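Asks: Fold the following for me, if possible:
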Amino acid sequence: MQKSLTDALVRSIAAPETGRIQISDARCSGLALRVSSSGAKSWSFRFRDPLTNRDERMTLGSYPDVTLADARERVDQLRRLVASGRNPITEKKKEREEVDTKTFGALASRYLREHAYRFKRSAPRDDRNLELHVLPHWRDRRFDEIRRSDVIALLEGMISSGLSTQANRIQALISKVFSFAVDCELLGANPCTRLRKRGVENVSERVLSDAELQLFWAGIILPPVSYQAGLALRIAATTAARVSEIAEAAKSEFQYLDDPSRSAWILPAARSKNGRAHYVPLVGLAREAVLEAFQRAGESPWLFPSTAVSDAPIKGHALSVAMMRFQAGLEPGEDLASEVRIKTPEERLQRREAKAALLASPAHEEAVETWRKVPPTPHDLRRTLNTRLSELGVVREDREAVLNHTPKGVNAVHYDLYDRAREKRRALSLWNDALSSILEGRQTGADIVPLRANSSRLG
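Replies: Down below sits the predicted model:
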């Protein structure tokens, strides 16, 4: 049946007693109105598939939700699509299937799978930062609809929350994800191109004083920090190694631990930040911490085995958390028994009493106060060691070698392959002697003021 449909006619059409009737619109080729016995009315588009030449029907919606005018406008668009050689049903199905793959969440997953975890040692950090700072806002958004203004809005939100430096890191990460999309021809342009850093970064100058080193050494193995994490942070303070490298160390990386003059940790290139193997002499206090960690690790192949994941080491992030817990433990009213992994009630009681005595000691009063005002980070342990080596007269080249900084210049990179093992052992021996004197109260040295730090960290 074919009629020139009007709004009045569509409203007046009565429902059939059984089945359904279909009325084609004489004024709009392909448009049809279906009326069922229940009285429901719906629009559809009838066309011939340009490839198979088969008759097809596409539902457009129900009346009156879709008016006659809306249905005619939609069919006019669909006829043009058919005239161009495409099937609108197939196009709609394809578009529906692509919805999930067009989200920023899907793009981020591809970036991590096809680029970050394949080429970057920092892939876990990218994964964590995306999950924490970006995906809660953009997970289900189409990545091709994210504009420069959206990026700026996200970053400004972080800056307003006091995460100025982190905002710059997230901006760089977002740019990498969009650059990956451009390289894969998923996107025509990167919305972060030439976008200046939004956050203002201040160079941190936090260095631990003698009093703070005494407080750190005595308290870092006490609740609420686990003994394991405390040992790892002691190694960081005596070797300047990065916490991620320490946390994931395998026992097989350590050599000659029974010989104080030769004991060392060989960090493999695959785990080193700069991709170069790193020889770390283990002198005095550092060697003692490693030997104790070996003993506590038991049969595990890892120096610091995870208690949450079987046959795996802890992660560097756990040591950053441990430093924050140490700071929290210095606050009044902190539960000193908050560590739940102590093996025996006797050890728990012993460590609680030791922590209470530490906080009650007048000798630590000033250090507790300065630590609360500007809590140090694990990276500040590296800065402290480097600064102290400079005070002790260790030349820059040797200090750079201890820190495992990437060599600069053609000669250093390609020709000078000397690992400065002898110089590194001498430098760390000097630091071990100085730190031992500080811990025993025999030396105050140049008591570096610890409050020359980024004012944004002052609380």
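Asks: per-residue confidence for Glu346?
Replies: At Glu346, the model reports a pLDDT of 70.
Asks: And for the one 4 residues further on?
Replies: Residue-level confidence at Gln350 comes out at 70, pLDDT.
Asks: tell me the contacts of Gly61?
Replies: Residues near Gly61 by CB atoms under 8 Å, 6 or more residues apart in numbering: 42-43, 71. Placement of C-beta: from N, CA and C, glycine included.
Asks: Now for the residue lying closest to Ser175 once chain neighbours are set aside, how many residues are close by?
Replies: Closest residue to Ser175 apart from its sequence neighbours, by CB to CB, 6 or more residues apart in numbering: Cys192 at 3.7 Å. Close neighbours of Cys192, defined as other CB atoms under 10 Å, add up to 20.
Asks: Which pLDDT value belongs to Cys192?
Replies: At Cys192, pLDDT is 95.
Asks: Can you get me a residue count around Ser391?
Replies: Heads up, residue 391 is Glu, not Ser. Quick note: Glu391 (other CB under 10 Å) scores 13 neighbours.
Asks: All the strands of the chain, residue numbers only.
Replies: Remark: strands assigned in the chain by DSSP state E are 2-3, 20-25, 31-36, 41-48, 55-63, 254-255, 264-267, 278-281.
Asks: of all those strands, which lies closest to His115?
Replies: Nearest to His115, of all the strands of the chain, is strand 264-267, at 24.9 Å by CB to CB.
Asks: what comes into contact with stretch 310-328?
Replies: 124, 128, 216, 219-220, 224-226, 228-230, 232-233, 236, 242-250, 300-306, 334, 338, 371-372, 375-378.
Asks: Next, the buried residues of that stretch.
Replies: 313-316, 318-320, 322-323, 325-327 (16 or more other CB atoms under 10 Å).
Asks: In helices, which of those appear?
Replies: 316, 318-320, 322-323, 325-327 (DSSP state H).
Asks: what's the most buried one of the strands of the chain?
Replies: strand 278-281 (a mean of 22; mean count of other CB atoms under 10 Å).
Asks: Would you mind pulling up the elements that that one packs against?
Replies: strand 264-267, helix 421-439 (3 or more CB pairs under 8 Å, 6 or more residues apart in numbering; DSSP states H and E).
Asks: With just CA atoms, put that strand into CSV.
Replies: This file holds the C-alpha atoms of strand 278-281, laid out as CSV (Å, rounded to 0.1, in the frame of the first residue of the first chain):
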residue,chain,number,x,y,z
HIS,A,278,76.1,-0.9,37.0
TYR,A,279,78.8,-2.1,39.5
VAL,A,280,77.8,-1.2,43.0
PRO,A,281,80.4,-1.8,45.7
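Asks: Who are the contact partners of Arg27?
Replies: Taking CB under 8 Å, 6+ apart, one finds 4-5, 72 in contact with Arg27.
Asks: Now tabulate those residues in a markdown table and tack on distance to Arg420, neighbour count and pLDDT.
Replies: Output for the contacts of Arg27, formatted as a markdown table (distance: CB to CB, whole Å; neighbours: other CB atoms under 10 Å; pLDDT from 0 to 100):
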| residue | distance to Arg420 | neighbour count | pLDDT |
| --- | --- | --- | --- |
| Ser4 | 93 | 9 | 89 |
| Leu5 | 89 | 21 | 89 |
| Arg72 | 81 | 16 | 93 |
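Asks: and those as JSON lines, adding distance to Arg206?
Replies: Output for these, formatted as JSON lines (distance: CB to CB, whole Å):
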{"residue": "Ser4", "distance to Arg206": "82"}
{"residue": "Leu5", "distance to Arg206": "77"}
{"residue": "Arg72", "distance to Arg206": "70"}
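Asks: Give me the phi and psi for Pro301.
Replies: Main-chain dihedrals, Pro301, degrees, to the nearest 10: phi -70, psi -10.
Asks: Check what pLDDT it gets.
Replies: 96.
Asks: what residues are up against it?
Replies: 250-252, 311.
Asks: dump the residue contacts of Pro124.
Replies: Lys315.
Asks: next one: Ile13
Replies: Neighbouring residues of Ile13 by CB under 8 Å, 6+ apart: 21, 23, 33, 35, 41.
Asks: coming back round to it: for Gly393, state which of the contacts of Arg27 is nearest.
Replies: Arg72 (88.2 Å).
Asks: List the ones among the contacts of stretch 310-328 that fall in helices.
Replies: Those of those lying in helices (DSSP H): 124, 128, 216, 219, 228-230, 232-233, 236, 243-247, 371-372, 378.
Asks: quick one: low-confidence ranges for the stretch 251-400 of the chain?
Replies: 332-344, 347-348 (pLDDT under 70).
Asks: Tell me how far the closest residue to Gly329 other than its chain neighbours lies from Gly230.
Replies: Closest residue in space to Gly329, ignoring its immediate chain neighbours: Pro224 at 4.9 Å, by CB to CB, 6+ apart. Pro224 is 11 Å from Gly230, where distance means CB to CB, to the nearest Å.
Asks: For those two, indicate the residue with more neighbours.
Replies: Set Pro224 next to Gly230 and count neighbours by other CB under 10 Å: Gly230 wins out with 21 against 18.
Asks: Excluding covalently adjacent residues, which one is nearest to the more buried one?
Replies: Gly230 sits nearest to Ile221 (CB to CB, 6+ apart), 3.3 Å away.
Asks: Burial check on the one you found, number of neighbours?
Replies: Neighbours around Ile221, by other CB under 10 Å: 21.
Asks: Disregarding flanking residues, what is the spatial nearest neighbour of Glu331?
Replies: Closest to Glu331 by CB to CB, 6+ apart is Arg372, at 6.9 Å.
Asks: what about the one you found, distance to Phe326?
Replies: 11 Å.
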